[in-house]
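need a structure here:
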Amino acid sequence: FDVETTNHAKNGRSYLVHIECQPLFDTHGRLTGFMAIERDITQTRRTANLLEAVSSISTTLLSKRVEPAVWVEILAALGRAADVDHCHLFELHPEAGADAPRARQLATWTAGDAPPLAATDEIPLVHRWHRELLAGREIRGLASSFPDNERASIEAQGVRSLVIVPILTADHLWGFLRFDSCQDDRVWESWGISILRSAAANIGLYQVARHEADALVLARDAAQKANRAKSTFLATMSHEIRTPLNAVIGMASLLETTTLNPQQQDFAETILTSGNFLLELINDILDYSRIESGKIELDASTFFLADLCREAFDVVRLGAMGKRIELTSRIGPRLPARLVGDRARIRQILVNLLNNAVKFTPGGFVTLNVDGREDVGGRWDLTLEVKDSGIGISPDALDKLFRPFIQEDSSTTRRFGGSGLGLAISKRLAGLM
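Reported below is the predicted structural model:
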C-alpha cells in the first residue's frame, strides 16, 4: 500500500511525505516483515500548487475587474500554495524629502491557523529594501539574519522568515509582494521564488495594462509569458531529473541479470518498476511543456488504423488482465484501412485514453470505438471513443477533466497515482491535429 501524510521535523517544520510499504516473505511464503520507502514530496507538491496558483492569477486578472476583494482572493491563492502564514500586497508612493517611498498595503491574507498581525495601512520602506527591490532583487531570509535595525520590527510582528518580491512596471518599481512564515524557520529555495516572481510579473503587467488603451493585449501577453515561464521551468526540471533517473533504471536492469536471492530480486524489481513509473510521469511533463511552448511538431506518414489500435491495446493488456477486464474494439466499416497522419501521436492519445479507463476500472470491460467522417479534399475526421465500467466521475468534476495537473479529487491521486496530465495532453494533441 502507499499513503501520503504530513510529518514534523525536530525544529517543528512540517513536511509532506509519500510512504510506500511492501511486504517481505521468506522462502516458505511466510510474512517476515515489511519494507517502507519514505519520500519527501513537499517541494514537488508546492511546485505544482504554485504553478496552478500563478495560472489562476493570470485568468483572474484577465477576466475580472480587480477590486480589493479580488486582491485578497489572489493573495489567498498564492499564500495557500506557498504554504505561508501571511501574504501582503503593497503599492509604493513617493514621500517628499525622503530617500525611500512609503508602502501602502492594498490587501493582506492570513492563514486560518496563523497568529494575527497588527493592522498596517502604510509604512515607510527601509532604504536598503528600496534599493534592492528597485534593482529587481528579492529580499529573503530568516528574521535572525537581518541587520539589527530591521530585525527588531520583523520579530515584533512574530515573523520568523520572510521573502519580498518586487512588482515592476517597465523600469518603475510599483510595489511588492511579501510572504511571512511565523511558525517555522522557513528557508526559501530559488525554484519557489522564481515562481513567485512570475506572479509578481503578472501583477506588474496588469498595472501597466490598466493604464493603457490596449489593456487586453498586454494582459494576454502577461498570461502567455507566465505560461511560457511555467513550461520552461517544467522542461528544465524534468530534464534535470530524467538524466540521473535513466542511470538508476539502467543499473537496476543490469542488477536483475545478476545472480540474486528472491528478496534481492524483489528489491531490484521494485526499483525498476518505481523508476519506470517516475520516468513516465516526467515524460508526460516534458510533452505538456513542449505543447505549451509550441515546440512540438506533427509528422505525416502512412499507417494502418487496425495495427495502430492493436498496438495501443498491447500496451494496456497486461494491466487489464490483472483486473480481469475484457478489452474490445470496433472500427467503423466506412473508415479506410490506411490513413496519413502523425501515427505516434494518435497512438499516444489512444494509449492515454485506454490507460485511464483501465486504471479507474476495477473489473468489467473497456471498449474502444473508432469511427469518423470524410471531409473535403479526402481528409478524415476521426472519433476515438473509450467506454468502461469503472468508477465514473461526478458531474461537478467534469469541468476539471482536461485541465493539467488536476484529478477529480486529491484522494484519486493517492489511490491511483498519475500526474493528471494524460487527458490534458490528449486534448492538446487532438487540437493540434
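
Just the terminal-to-terminal distance for stretch 155-174.
One end of stretch 155-174 to the other measures 26 Å (Cα to Cα, to the nearest Å).

That stretch: which residues count as buried?
158-169, 173-174 (16 or more other Cβ atoms under 10 Å). Yep, even glycine has a C-beta here, placed from its N, CA and C like the rest.

And the residues you listed, which is closest to residue 183?
Residue 183 lies nearest to residue 160 out of those, by Cβ to Cβ, at 7.3 Å.

Would you confirm that the closest one contacts residue 143?
Yes. The pair residue 160 / residue 143 is scored as a contact, 5.5 Å apart, by Cβ atoms under 8 Å.

Relative to residue 45, how far out is residue 403?
Per Cβ to Cβ, to the nearest Å, residue 403 is found 17 Å from residue 45.

C-alpha coordinates for stretch 329-347, CSV please?
Extracted in CSV, the C-alpha atoms of stretch 329-347 (Å, rounded to 0.1, in the frame of the first residue of the first chain):
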residue,chain,number,x,y,z
SER,A,329,-12.7,-2.7,-30.0
ARG,A,330,-14.7,-1.7,-33.1
ILE,A,331,-13.5,0.2,-36.2
GLY,A,332,-16.2,1.8,-38.3
PRO,A,333,-16.7,-0.1,-41.6
ARG,A,334,-16.6,3.1,-43.7
LEU,A,335,-13.1,4.0,-42.5
PRO,A,336,-10.2,3.4,-44.9
ALA,A,337,-7.6,0.8,-43.9
ARG,A,338,-4.8,3.2,-44.4
LEU,A,339,-4.5,6.8,-43.3
VAL,A,340,-1.9,9.5,-43.4
GLY,A,341,-1.2,11.4,-40.1
ASP,A,342,1.0,11.5,-37.1
ARG,A,343,0.9,7.8,-36.2
ALA,A,344,2.9,8.2,-32.9
ARG,A,345,0.7,11.0,-31.5
ILE,A,346,-2.6,9.2,-32.4
ARG,A,347,-1.2,6.1,-30.7
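
if we look at it, which residues are touching it?
298-306, 308-309, 311-313, 367-372, 374, 380, 382, 429, 432-433 (Cβ atoms under 8 Å, 6 or more residues apart in numbering).

Run through the helices of the stretch 51-200 of the chain in chain order.
Applying DSSP state H, counting those that start in this stretch to the stretch 51-200 of the chain gives helices spanning 68-82, 127-134, 148-156, 190-210.

now these as JSON lines including distance to residue 15?
Listed next are those as JSON lines, based on distance: least, Cβ to Cβ, whole Å:
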{"stretch": "helix 68-82", "distance to residue 15": "14"}
{"stretch": "helix 127-134", "distance to residue 15": "29"}
{"stretch": "helix 148-156", "distance to residue 15": "24"}
{"stretch": "helix 190-210", "distance to residue 15": "14"}
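
For residue 105, which of those helices is the nearest?
The nearest among those, by Cβ to Cβ, is helix 68-82 at 10.2 Å.

List the residue ranges of the stretch 51-200 of the chain that fall below the pLDDT cut-off.
64-65, 118-119 (pLDDT under 70).

what's near enough to touch residue 381?
Residue 381 neighbours (Cβ under 8 Å, 6+ apart): 372-373, 375.

top of those residues by neighbour count?
Tallying neighbours with other Cβ atoms under 10 Å puts residue 372 at the head of the contacts of residue 381, with 18 neighbours.

In contact with the closest residue to it other than its chain neighbours, which residues?
Closest residue to residue 372 apart from its sequence neighbours, by Cβ to Cβ, 6 or more residues apart in numbering: residue 382 at 4.4 Å. Contact analysis of residue 382 by Cβ under 8 Å, 6+ apart lists 335, 339, 346, 370-372.

Nearest to residue 243, out of the residues you listed: which one, please.
Scanning the contacts of residue 382 for proximity to residue 243, where the rule is Cβ to Cβ, the winner is residue 346, at 29.3 Å.

quick one: secondary structure of that closest one?
The three-state assignment at residue 346 reads helix, by DSSP: H, G, I helix; E, B strand; the rest coil.

could the contacts of residue 381 go into CSV alongside pLDDT, secondary structure and distance to residue 352?
Formatted as CSV, these follow (pLDDT from 0 to 100; DSSP: H, G, I helix; E, B strand; the rest coil; distance: Cβ to Cβ, whole Å):
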residue, pLDDT, secondary structure, distance to residue 352
372, 89, strand, 19
373, 89, strand, 23
375, 84, coil, 24
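
now, which of those residues sits nearest residue 266?
Checking those one by one against residue 266 (Cβ to Cβ), the nearest turns out to be residue 372, at 46.6 Å.

so after the helix or strand that residue 279 is a member of, what's the next helix or strand?
Assessed by DSSP states H and E, residue 279 sits inside helix 262-292. Next along the chain after helix 262-292, taking DSSP H and E as the criterion, comes strand 301-304.

Who are the packing partners of the helix or strand immediately after that next one in the chain?
On the C-terminal side of strand 301-304, the nearest following helix or strand under DSSP H and E is helix 305-322. Packing partners of helix 305-322 (3 or more Cβ pairs under 8 Å, 6 or more residues apart in numbering; DSSP states H and E): strand 325-331, helix 343-359, strand 364-374.

For the second one, what does the pLDDT average out to?
Mean pLDDT, helix 343-359: 88.

So which bits of it are buried?
Buried, per 16+ other Cβ under 10 Å, within helix 343-359: 343, 345-359.

Closest to residue 187 out of the residues you listed?
Taking those together and measuring to residue 187 by Cβ to Cβ, the closest member is residue 359, at 37.0 Å.

Regarding residue 401, what are the backbone dihedral angles?
Main-chain torsions, residue 401, degrees, to the nearest 10: phi -60, psi -40.

Excluding chain neighbours, give the residue nearest to it in space.
Nearest one to residue 401, counting by Cβ to Cβ, 6+ apart, is residue 423 at 6.1 Å.

can you list contacts of the helix or strand hosting the one you found?
Using DSSP H and E, residue 423 falls within helix 422-432. With contact meaning Cβ under 8 Å, 6+ apart, helix 422-432 is reached by 284, 287-288, 291, 296, 298, 345, 348-349, 352-353, 355-356, 401-405.

Same check on stretch 87-107?
Stretch 87-107 is contacted by residues 68, 71-72, 74-76, 78-79, 108-109, 120-127, 129-130, 173-180, 203 when judged by Cβ under 8 Å, 6+ apart.

likewise stretch 315-328?
Contacts for stretch 315-328 (Cβ under 8 Å, 6+ apart): 313, 351, 354-355, 358-359, 361-368.

so residue 132 touches residue 141, yeah?
No. Residue 132 sits out of contact with residue 141 when judged by Cβ under 8 Å, with a separation of 11.7 Å.

list the contacts for residue 351?
Counted by Cβ under 8 Å, 6+ apart, residue 351 has contacts 312, 315-316.

give me that answer again for 6 Å
Residue 351 sits next to 312, 315 when contact means Cβ atoms under 6 Å, 6 or more residues apart in numbering.
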